[in-house]
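S.K.: how would this look folded up:
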Amino acid sequence: MNTSLLLWSLLFSSVGLGFFMYGKKQRAVVSLFSGLGLMIYPYFVSNTLLLVAIGVALMALPYFVRI
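M.R.: Purely as a prediction, here's the structure:
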């Protein structure tokens, strides 16, 4: 495991915690599940480039999908 993978995981998990708390408080389902996904997926991805790509996609999801 390298340093960049750890730092990207920390960044995306922190943003995921923010999305999760916002989604829980505002009852926004997309933000809630996007935040949950951002907190969980770094445990299963070991490629840094793939980690960043999935993280950016999950962060952009609540802005494009409104339910």
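
S.K.: sec struct for the residue most central in space within the chain, please.
M.R.: With distances taken as C-alpha atoms, centre = their mean, the residue of the chain nearest its centroid is Leu38 (2.2 Å). The three-state label given to Leu38 by DSSP: H, G, I helix; E, B strand; the rest coil is helix.

S.K.: Identify the residues contacting it.
M.R.: 12-13, 15-16, 19-20, 55, 58-59 (C-beta atoms under 8 Å, 6 or more residues apart in numbering). Placement of C-beta: from N, CA and C, glycine included.

S.K.: now the helices: where do they sit in the protein?
M.R.: Using DSSP state H, the helices of the chain run over 3-26, 29-40, 48-64.

S.K.: any idea which of the ones you listed is most buried?
M.R.: Neighbour counts (mean count of other C-beta atoms under 10 Å) averaged over each of the helices of the chain peak at helix 29-40, with a mean of 19.

S.K.: how far off helix 3-26 does it point, in degrees?
M.R.: Interaxial angle of helix 29-40 relative to helix 3-26 (axes from the mean of the first three to the mean of the last three C-alpha atoms, to 10 degrees): 150 degrees.

S.K.: any idea how far helix 29-40 is from the chain center?
M.R.: Relative to the chain's own centre, helix 29-40 is displaced by 6 Å; criterion: C-alpha atoms, centre = their mean, to the nearest Å.
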